[in-house]
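Visitor: Have a look at this prediction, sequence included:
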Amino acid sequence: MKQSTKNYRDINATPEKLYNAFTDPSALEIWQAPGDMTAKIHHFDLRVGGGYEMSLFYPDKATIHAGKTADKEDRYTARFIELIPNRKIVEAVQFNTTDPDFAGEMMIEITFEPVEMGTRVTFLFTGIPAGIKPADNEAGTISSLEKLAKYVETN
């Protein structure tokens, strides 16, 4: 069964600054990995039909569960479906895994909406593979949004 989640955060930054944090590979490596994880972009092609490949690495102390690409690594490919500067990004994401519960294409729609104190950044995930618990997806998204806010508000 496919699942979905939706999370948002109001961030004290312009839509342009936030959009740039999503379209700069070095910025993505800093803020997109949730919690104590780290990230590496393997390639990046900013255009509709292009995309990027990214690895998320778990800290040494982490307990690893099923569905991982390799020991302490989640690798995925994101394909850009829609890019509307400063307003919206839509990505189709596939994890590199042999576990069918974590396979399949998941969609992520990210919107940037001006609000009184900055910009509301909203993540809508649809088609989340059955092996990913919605609560875990939400927790990871909330953590990444916190890191994104810190990144844009201090840079």
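Guide: Arrived safely, thanks for sending. Numbers count the residues shown, from 1 in each chain.

Visitor: Buried residues, stretch 107-119. List them.
Guide: By neighbour count on 16 or more other CB atoms under 10 Å, the buried set for stretch 107-119 is 107-112, 118-119. All C-beta spots, glycine's among them, are computed from the backbone N, C-alpha and C.

Visitor: go on, stretch 46-53?
Guide: Here stretch 46-53 shows 51-52 as buried, counting by 16+ other CB under 10 Å.

Visitor: Could you shift the numbering so residue one becomes 36, and keep it that way?
Guide: Done: numbering now begins at 36, and the last item shifts to stretch 81-88.

Visitor: What are the contacting residues of that stretch?
Guide: The contact list for stretch 81-88 (CB atoms under 8 Å, 6 or more residues apart in numbering) reads 58, 60, 63, 76-80, 110-118, 126.

Visitor: hmm, 10 Å instead?
Guide: Here stretch 81-88 makes contact (CB atoms under 10 Å, 6 or more residues apart in numbering) with 57-60, 63, 75-80, 110-118, 125-128, 131.
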